[in-house]
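> Provided below are the primary sequence and the corresponding predicted coordinates.
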Amino acid sequence: MSLNLEGCSMSNKPEKNVINVDPVTVVAVISALLLVPLLISGFIFQ
């Protein structure tokens, strides 16, 4: 899986920025982004 950041305005380089990302890494990041707020809110609202 590759993320194409060609339209990103932060980089002014003419070449394409292609980041090769492992699908396991994408699943881990998405699951962490979903579970960390639940964990934090569970400690706050107990």
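Structure received. Numbering: from 1, shown residues only.
> rest of the way, CA atoms for contacts and neighbours
Fine.
> Give me the helix or strand of the chain that scores worst on average pLDDT.
The least trusted helix or strand in the chain, going by mean pLDDT, DSSP states H and E, turns out to be strand 2-4, with a mean of 58.
> next SSE after that one?
strand 18-20 (DSSP states H and E).
> Which of the helices or strands spans residue 25?
Here residue 25 is assigned to helix 23-44, by DSSP H and E.
> what mean pLDDT would you report for that helix?
Per-residue pLDDT values over helix 23-44 give a mean of 96.
> in that helix, what's buried?
Within helix 23-44, no residue counts as buried by 16 or more other CA atoms under 10 Å.
> packing partners for it?
The helices and strands touching helix 23-44, judged by 3 or more CA pairs under 8 Å, 6 or more residues apart in numbering; DSSP states H and E, number zero.
> I'd like the numbering to begin with 50 instead of 1 from here.
Understood, numbering begins at 50; the last thing we discussed is helix 72-93.
> Using CSV, write out every CA atom in it.
What follows is helix 72-93, C-alpha atoms only, in CSV (Å, rounded to 0.1, in the frame of the first residue of the first chain):
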residue,chain,number,x,y,z
PRO,A,72,-0.9,-2.9,5.7
VAL,A,73,-0.2,-4.2,9.2
THR,A,74,1.1,-0.8,10.2
VAL,A,75,-2.0,0.9,8.8
VAL,A,76,-4.3,-1.5,10.8
ALA,A,77,-2.3,-0.9,13.9
VAL,A,78,-2.4,2.9,13.6
ILE,A,79,-6.2,2.9,12.9
SER,A,80,-6.9,0.6,15.8
ALA,A,81,-4.8,2.6,18.1
LEU,A,82,-6.6,5.8,17.1
LEU,A,83,-9.9,4.1,17.8
LEU,A,84,-8.9,2.5,21.1
VAL,A,85,-6.9,5.2,22.9
PRO,A,86,-9.8,7.7,23.2
LEU,A,87,-12.0,4.9,24.6
LEU,A,88,-9.3,4.0,27.1
ILE,A,89,-8.8,7.6,28.2
SER,A,90,-12.6,8.2,28.5
GLY,A,91,-13.0,5.0,30.4
PHE,A,92,-10.5,6.3,33.0
ILE,A,93,-12.0,9.7,33.2
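> Right, I'll leave it there.
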